[in-house]
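Colleague: Predicted structure and sequence below. I'll ask about it afterward.
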Amino acid sequence: MATQLEIARAGKISDVMKRTADREGVSAELIRDELAAGRLVIPANKVHVADNLEPAAIGRAVSVKINANIGASDVSSSLDGEIEKMKMAISLGADAMMDLSTGEDLDAIRERLIAECPVMFGTVPVYEVIVGRGVEDIDHKTILEVAEKQAKQGVDFFTIHAGLLREHLPLTKKRVCGIVSRGGALMAKWMVHHDRQNPMYELFDDLCDIMREYDVAFSLGDGLRPGCGADATDEAQIAELRTLGELASRAQEKGCQVMVEGPGHVPYDQIKRNMELQQDICNDAPFYVLGPLVTDSAPGYDHITSAIGGTAAAFYGASFLCYVTPREHLGLPDVDDVRQGVIASKIAAHAADVARGFGQAAARDRRLSEARANLEWDKHIAESLDPKTAQRMHEEACARSQIADSGDSADYCTMCGRDWCSVRINREVRDQF
């Protein structure tokens, strides 16, 4: 069976394309044309589509999407805990989930998560490759076996760290934080030990064959993404990006869908340039960014630093934002961290959609504003990105202030009180004219 890319390049429109077009409020022809050009992807493994996947598109022609990472480690968390996180993230609007598990029974975890995941699902296959063996013992056969097994399970996109080459390693010597990507570090250690090229690069055509069979999309990993602002847009990052551009073209030629991963930690003034470089070097393949975090100085609040960067990145060229939780750099996130990370990322994505004039993003803001101006509390809260939190805060404020009715009949809020409420006064003035 053909991949979505091959179907689009043949000038045809698949059921998956129609479903994504309906979801986005755009034409199926637009989805087809953007897919064919490589500017859009629909990560939709044939196995997952046949089960429970609601396919979604990633690209500049559609709304900005967000991903939430989960995963059990070998020191903490559990399968039930990760399922709780996944359900929380999806309920808040996460468009994709990535399982980064490195502990417990990885096959059982992945199988259970996919079975309960109606959104795009991604993994980093090399994480399973190293379970039970040293990095130095990774071999080509195991890499391909793990990739095929995960594809058969229904994984929709793989992060493959194939762009970090042996000749790039000396470029990291001047860095403050070196290689912060887990997959990138593993590949670097393997190359140094064996004095050979990156096995993911050497196996790239074989990986394409596996991924094409199941229509697993590439998420070309940025193993040399900057781990601090001081390392942003350096020679190492750009050298790897050029290799990713080469690999993106190779994968598309073999019928595989491709998106490219990006930084990382990037000062605000460098974000626009980073987005433009990626679009130029990678021929407009969808850009998937981690944040980017605009400052290194806010541990405990990195969901905020990443949302600031995420809005700018999505405005200037990114199509897919990976959430960052408040516990980034500090530990494995709990359920509440996941909630805060998803909401912060959703705010960033929505703000970017408003700024670039996409679809109904601004119309949603207007509906909320009209409800707010009319003191229609229920409508105001319902249009918010996190209605449960908004409702809780409103009810708590009303209870503290002993406002009898917190619903639509309340004609002021607790911030100003009735006599000072500008919204209520404005209504009175407006009614007179």
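Modeller: Now that the structure is in, tell me what you want to look at.

Colleague: Pull the distance from stretch 372-385 to the chain's centre.
Modeller: 28 Å (C-alpha atoms, centre = their mean, to the nearest Å).

Colleague: For that stretch, buried residues please.
Modeller: 372, 375, 376, 377, 380, 381, 383, 385 (16 or more other C-beta atoms under 10 Å). C-beta here means a position set from N, CA and C on the backbone, and glycine is covered the same way.

Colleague: for stretch 337-356, same thing?
Modeller: For stretch 337-356, by 16+ other C-beta under 10 Å, it's 337-354.

Colleague: re the thing from before, could the buried residues of stretch 372-385 be laid out in CSV, adding distance to residue 260 and pLDDT?
Modeller: Output for the buried residues of stretch 372-385, formatted as CSV (distance: C-beta to C-beta, whole Å; pLDDT from 0 to 100):
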residue, distance to residue 260, pLDDT
372, 39, 88
375, 47, 84
376, 44, 89
377, 44, 88
380, 39, 92
381, 38, 94
383, 34, 95
385, 27, 95
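
Colleague: Residue 316: neighbour count?
Modeller: 19 (other C-beta atoms under 10 Å).

Colleague: which regions of this structure sit below the pLDDT cut-off?
Modeller: The model of the chain has pLDDT under 70 over residues 74-77, 402-414.

Colleague: Where does the record place the domain boundaries for it?
Modeller: 4-355, 361-432 (automatic domain parsing).

Colleague: which of those is buried the deepest?
Modeller: Looking across these with neighbours counted as mean count of other C-beta atoms under 10 Å, the highest average goes to domain 4-355: a mean of 21.

Colleague: Which residue ranges of the stretch 301-433 of the chain form helices?
Modeller: Taking DSSP state H, counting those that start in this stretch as the criterion, the stretch 301-433 of the chain contains helices spanning 302-316, 335-355, 361-373, 377-382, 387-401, 422-432.

Colleague: Would you reformat the ones you listed as a markdown table and include distance to residue 296?
Modeller: Shown next, in a markdown table, are those (distance: least, C-beta to C-beta, whole Å):
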| stretch | distance to residue 296 |
| --- | --- |
| helix 302-316 | 8 |
| helix 335-355 | 17 |
| helix 361-373 | 30 |
| helix 377-382 | 35 |
| helix 387-401 | 28 |
| helix 422-432 | 39 |
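
Colleague: wait, which of the ones you listed is closest to residue 258?
Modeller: helix 302-316 (18.6 Å; C-beta to C-beta).

Colleague: Show me what the closest one is in contact with.
Modeller: Under the criterion C-beta atoms under 8 Å, 6 or more residues apart in numbering, residues 64, 262, 266, 268, 271-272, 274-276, 287, 289-295, 298, 318, 321, 323-326, 328-329, 340-341, 344-345, 347-349, 351-353, 355-356 lie in contact with helix 302-316.

Colleague: between the helices of the stretch 301-433 of the chain, which gets nearest to residue 249?
Modeller: Closest to residue 249 of the helices of the stretch 301-433 of the chain is helix 302-316 (C-beta to C-beta; 22.6 Å).

Colleague: out of the helices of the stretch 301-433 of the chain, which comes closest to residue 158?
Modeller: Here helix 335-355 is closest among those (C-beta to C-beta), at 21.4 Å.

Colleague: Excluding chain neighbours, give the residue nearest to residue 252 in space.
Modeller: Leaving aside its sequence neighbours, residue 252 sits nearest to residue 38 (C-beta to C-beta, 6 or more residues apart in numbering; 5.2 Å).

Colleague: three-state assignment of that neighbour?
Modeller: Each residue gets one of three states, and residue 38 gets coil by DSSP: H, G, I helix; E, B strand; the rest coil.

Colleague: any idea how far it is from residue 314?
Modeller: In this structure, residue 38 and residue 314 are 19 Å apart, going by C-beta to C-beta, to the nearest Å.

Colleague: cool, residue 174 as well?
Modeller: 30 Å.

Colleague: how about residue 59, phi and psi?
Modeller: Taking degrees, to the nearest 10, you get phi 170, psi 170 for the backbone angles of residue 59.

Colleague: Beta-bridge partners for it, please?
Modeller: Using DSSP bridges, the bridge partners assigned to residue 59 are residue 40.

Colleague: got a list of what it touches?
Modeller: Taking C-beta under 8 Å, 6+ apart as the test, what residue 59 contacts is 34, 39, 40, 41, 286, 319.

Colleague: in the protein, which spans are strands?
Modeller: In the chain, the strands defined using DSSP state E lie at 40-41, 58-59, 65-70, 96-99, 120-123, 157-160, 217-220, 258-262, 287-290, 320-322.

Colleague: Can you say which of those strands is nearest to residue 187?
Modeller: strand 157-160 (10.1 Å).

Colleague: then stretch 313-332 to PDB, C-alphas only?
Modeller: Listed next in PDB are the C-alpha coordinates belonging to stretch 313-332 (Å, rounded to 0.1, in the frame of the first residue of the first chain):
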ATOM      1  CA  ALA A 313       8.700  29.900  16.500                       C
ATOM      2  CA  ALA A 314       5.200  29.000  15.300                       C
ATOM      3  CA  PHE A 315       4.700  32.500  13.900                       C
ATOM      4  CA  TYR A 316       8.000  32.500  12.000                       C
ATOM      5  CA  GLY A 317       7.800  28.900  10.600                       C
ATOM      6  CA  ALA A 318       7.400  26.000  13.100                       C
ATOM      7  CA  SER A 319       4.400  23.700  12.700                       C
ATOM      8  CA  PHE A 320       4.700  21.500  15.700                       C
ATOM      9  CA  LEU A 321       5.500  22.400  19.300                       C
ATOM     10  CA  CYS A 322       6.800  19.900  21.900                       C
ATOM     11  CA  TYR A 323       5.500  20.900  25.300                       C
ATOM     12  CA  VAL A 324       7.900  21.600  28.200                       C
ATOM     13  CA  THR A 325       6.700  21.100  31.800                       C
ATOM     14  CA  PRO A 326       7.600  23.200  34.900                       C
ATOM     15  CA  ARG A 327       9.900  20.300  35.900                       C
ATOM     16  CA  GLU A 328      12.000  20.400  32.800                       C
ATOM     17  CA  HIS A 329      15.700  20.100  33.800                       C
ATOM     18  CA  LEU A 330      14.600  19.100  37.400                       C
ATOM     19  CA  GLY A 331      13.000  15.700  37.200                       C
ATOM     20  CA  LEU A 332      10.300  13.400  35.700                       C
END
